[in-house]
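Undergrad: model this:
(4 chains)
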Protein chains: 2
Amino acid sequence: MKPTKIFVAEDDVNIRTGLVDTLESEGYAVQAADDGNQAMELFNAHSFDLVLLDIMMPGKSGYDVCRDIREIDKKIPIIMLTAKGEEIDKVVGLELGADDYITKPFGIHELLARISAVLRRVKAHIGEGTKPSEGPFRFGGCMVNPKTFKLTRSGNDFDLSKRDIDLLKHFYHHPNEVLSRDNLLNAVWGIDYLGTTRTLDQHIAQLRKKIEKDSSKPDVITTVHGVGYRYNS
Amino acid sequence: MKPTKIFVAEDDVNIRTGLVDTLESEGYAVQAADDGNQAMELFNAHSFDLVLLDIMMPGKSGYDVCRDIREIDKKIPIIMLTAKGEEIDKVVGLELGADDYITKPFGIHELLARISAVLRRVKAHIGEGTKPSEGPFRFGGCMVNPKTFKLTRSGNDFDLSKRDIDLLKHFYHHPNEVLSRDNLLNAVWGIDYLGTTRTLDQHIAQLRKKIEKDSSKPDVITTVHGVGYRYNS
DNA sequence: ATTTTATTTTTACAAGATTTTTACAACTTC
DNA sequence: GAAGTTGTAAAAATCTTGTAAAAATAAAAT
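TA: Got it, this is the predicted structure:
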């Protein structure tokens, strides 16, 4: 199998060489640029599987590069490298079309985890054609519509929050499998979540009120004591 | 469950003993070193789940220790303890391969939160990959699915608890072998389990209700009087 | 910027489930 | 049949989860 090609744009020489070394030692093929203009040049000259983009760069900011890359390639995964305090909403939100971001300073494991997560996501998309995350889907006896953030069960409509949707999606993609709290927290709250643990339970409880016929006797999302939760499809 | 083992390297005696006490009172098993060289010695002599590493230490700096540890173990989570003003980008950035850092003086809560976040990250990761041992397996006339925590026998479904699964797995990996109570207790309950003995019998009895056609005439897990139990594959 | 509103997270404790222990009958072995 | 071992129901202890309500955060509106 051909190695996955990663393109890095980062002006700080320490971070850049660190990135290149690490990624290469992980088996990726890496190419790096140290400012925004060079970045676009290189990007145009090669074909990559994934892009890591620093926001603060001389020449052309990461924001701009991201937008430009998206013009050229609508699909390539882009992960932004942000410093604490930089505006992130815009980055990942939809305006720019980045797929993920990571805040400096970051751990190598976290970065690698995000890279493989994004790559996996993309591959799954390509492989299956259907984008499971976009359209409405059936969940237990309900219809969940991620576009409208609504859930319908036997004629009744409920509003869903972002967390609700993310949770439902994650369960939906792992039917009948017992998912640990760790797994769920990582998948829905993000890999660097620091909170304590009743949070998830709380959301499960709220979800059950909407999806279960009798929330005191859950049927769709069941508890596996000491382990986690299971969505029974 | 076995306690998580944390290794602390920190020269300041107050901070060190404070850390050890706190972590131990949180249920972690802790081992500490007070300089860089001793740190490597200890690290090599034991096996840990997580490392806390001060940067400024006599002998060998935390930077060096971190790098050395990474040579030995690419995966073990490392959290650096930094003083204000110390260069952090390099620490956590990529060069060294630490997973996270925390700036002194830090609150014990923040530290604990970060420790569990990092551990969760690692655990969720392990849980994610497809481990061949995790797939469903046949046990007597049943199918056992460790992912769903369910057991099926002649069309009937039973829920399994964590202990059930662990016991079944252990038997499964030692077919036709008579396993003593000690063996089973060590394998499933952990090596330092102190309980008295009817515990295991109780679980066997419960399991038999699920896996045996006639639990009063066990066939799959049989008793070897005075010795232990045997799974007849 | 300030207030209002919605959402998310945390706290606190009740309720629940599992596990462990106890107790004792039944069984095995010699 | 005596001594020791095992089966298992039921009680007790321990650990986990459910969830209301408070607090904190984030988002929207003024």
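Undergrad: So what's the residue count around the residue lying closest to residue A:180 once chain neighbours are set aside?
TA: Nearest residue to residue A:180 in three dimensions, chain neighbours excluded: residue A:228, at 4.2 Å (Cβ to Cβ, 6 or more residues apart in numbering or on different chains). All C-beta atoms are positioned from the backbone trio N, CA, C, and that covers glycine. Residues lying near residue A:228 (other Cβ atoms under 10 Å in any protein chain shown) number 18.
Undergrad: Repeat that for residue A:36.
TA: Other residues close to residue A:36 by other Cβ under 10 Å number 23.
Undergrad: measure it to DNA strand D for me?
TA: For residue A:36, the distance to DNA strand D equals 28 Å [Cβ to the nearest atom of the strand, to the nearest Å].
Undergrad: what residues are up against residue A:79?
TA: Shown in contact with residue A:79 (Cβ atoms under 8 Å, 6 or more residues apart in numbering or on different chains): A:50-53, A:98-102, A:114-115, A:118.
Undergrad: ok so residue A:38 is a helix residue?
TA: Yes: checked against DSSP: H, G, I helix; E, B strand; the rest coil, residue A:38 lies within a helix.
Undergrad: does it really touch residue A:58, like I thought?
TA: No: with contact defined as Cβ atoms under 8 Å, residue A:38 and residue A:58 do not form a contacting pair (9.8 Å).
Undergrad: These two - which one has more neighbours?
TA: Neighbour tally, residue A:38 and residue A:58, criterion other Cβ under 10 Å: the higher count belongs to residue A:38, 17 against 11.
Undergrad: Would you mind measuring from that one to residue A:13?
TA: For residue A:38, the distance to residue A:13 equals 14 Å [Cβ to Cβ, to the nearest Å].
Undergrad: likewise residue A:161?
TA: Distance, residue A:161 to residue A:13, by Cβ to Cβ: 43 Å.
Undergrad: If you count surrounding residues, which of these two has more?
TA: The residue with more neighbours, out of residue A:161 and residue A:13, is residue A:161; 12 against 9, by other Cβ under 10 Å.
Undergrad: Give me the spatial nearest neighbour of that one, chain neighbours excluded.
TA: Counting by Cβ to Cβ, 6+ apart, residue A:161 lies nearest to residue A:149, which is 7.3 Å off, once chain neighbours are set aside.
Undergrad: Quick check, pLDDT for the one you found.
TA: The model reports residue A:149 with a pLDDT of 89.
Undergrad: Same question for the one 5 residues further on.
TA: Per-residue pLDDT puts residue A:154 at 85.
Undergrad: how about it, what does it touch?
TA: Counting by Cβ under 8 Å, 6+ apart, residue A:154 touches residue A:141.
Undergrad: Okay, it and chain B: tell me how far apart.
TA: Residue A:154 sits 26 Å away from chain B, going by Cβ to the nearest Cβ, to the nearest Å.
Undergrad: who in chain A is up against DNA strand D?
TA: A:89, A:181, A:198, A:201-202, A:204-205, A:208, A:215-216, A:218, A:223-228 (Cβ under 7 Å from any atom of the strand).
Undergrad: In strands only, show me those.
TA: Secondary structure from DSSP state E places A:223-224, A:228 of those in strands.
Undergrad: Out of the residues you listed, which comes closest to residue A:3?
TA: residue A:228 (35.0 Å; Cβ to Cβ).
Undergrad: residues contacting the closest one?
TA: A:178-181, A:183-184.
Undergrad: filter the residues you listed to the buried ones?
TA: Buried members of the contacts of residue A:228, scored by 16 or more other Cβ atoms under 10 Å in any protein chain shown, are A:178-181, A:183-184.
Undergrad: Next step: those residues restricted to helices.
TA: With helices identified by DSSP state H, the entries of the buried ones among the contacts of residue A:228 that belong to them are A:181, A:183-184.
Undergrad: Columns distance to DNA strand C on top of those, output as TSV?
TA: Below are these laid out as TSV (distance: Cβ to the nearest atom of the strand, whole Å):
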residue	distance to DNA strand C
A:181	12
A:183	16
A:184	11
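Undergrad: Closest to residue A:28 out of the residues you listed?
TA: Closest approach to residue A:28 among these (Cβ to Cβ): residue A:183, at 25.4 Å.
Undergrad: okay, now the residue lying closest to residue A:206 once chain neighbours are set aside: neighbour count?
TA: Distances taken as Cβ to Cβ, 6+ apart put residue A:164 closest to residue A:206, at 7.3 Å, once the chain neighbours are dropped. Using other Cβ under 10 Å, residue A:164 has 21 other residues around it.
Undergrad: So residue A:164 sits against residue A:204, correct?
TA: No: at 10.2 Å, residue A:164 does not count as touching residue A:204 under the criterion of Cβ under 8 Å.
Undergrad: in the sheet, who's paired with the most centrally placed residue in chain A?
TA: Of all residues in chain A, the one closest to the mean position by Cα atoms, centre = their mean is residue A:100, 5.8 Å from it. Following DSSP bridges, residue A:100 is listed with bridge partners residue A:79.
Undergrad: Tell me if I'm right that residue A:80 and residue A:106 touch.
TA: No: judged on Cβ under 8 Å, residue A:80 makes no contact with residue A:106 at a distance of 11.4 Å.
Undergrad: Between the two, tell me which one has more neighbours.
TA: Neighbours were counted for residue A:80 and for residue A:106 using other Cβ under 10 Å; residue A:80 has more, 24 against 21.
Undergrad: mind listing what residue A:72 touches?
TA: So residue A:72 contacts A:43-44 (Cβ under 8 Å, 6+ apart).
Undergrad: Tell me where chain A is predicted with low confidence.
TA: Low-confidence segments of chain A (pLDDT under 70): A:1-2, A:83-97, A:103-105, A:107, A:109, A:117, A:120-134, A:190-192, A:195.
Undergrad: tell me the secondary structure for the residue of chain A found nearest chain B?
TA: Closest contact between chain A and chain B, by Cβ to the nearest Cβ, is at residue A:18 (3.3 Å). Here residue A:18 is recorded as helix under three-state DSSP.
Undergrad: That one and residue B:98: what is the separation?
TA: 12 Å.
Undergrad: what about the closest residue to residue A:16 other than its chain neighbours, how many neighbours?
TA: Of all residues not flanking residue A:16 in the chain, residue A:10 sits nearest, at 4.4 Å (Cβ to Cβ, 6+ apart). Neighbour count for residue A:10, taken as other Cβ under 10 Å: 26.
Undergrad: now swap in residue A:37 and tell me
TA: Residues lying near residue A:37 (other Cβ under 10 Å) number 14.
Undergrad: which one of the contacts of residue A:228 sits closest to DNA strand D?
TA: residue A:181 (6.9 Å; Cβ to the nearest atom of the strand).
Undergrad: Identify the residues contacting that closest one.
TA: Counted by Cβ under 8 Å, 6+ apart, residue A:181 has contacts A:197, A:200, A:228.
Undergrad: what's the distance between it and residue A:201?
TA: Residue A:181 sits 8 Å away from residue A:201, going by Cβ to Cβ.
Undergrad: Same question for residue A:159.
TA: Distance, residue A:159 to residue A:201, by Cβ to Cβ: 21 Å.
Undergrad: Show me the strands in chain A, by range?
TA: Along chain A, counting by DSSP E, strands occupy A:5-9, A:29-33, A:50-54, A:78-83, A:100-104, A:137-139, A:142-145, A:150-153, A:156-159, A:178-180, A:221-224, A:228-231.
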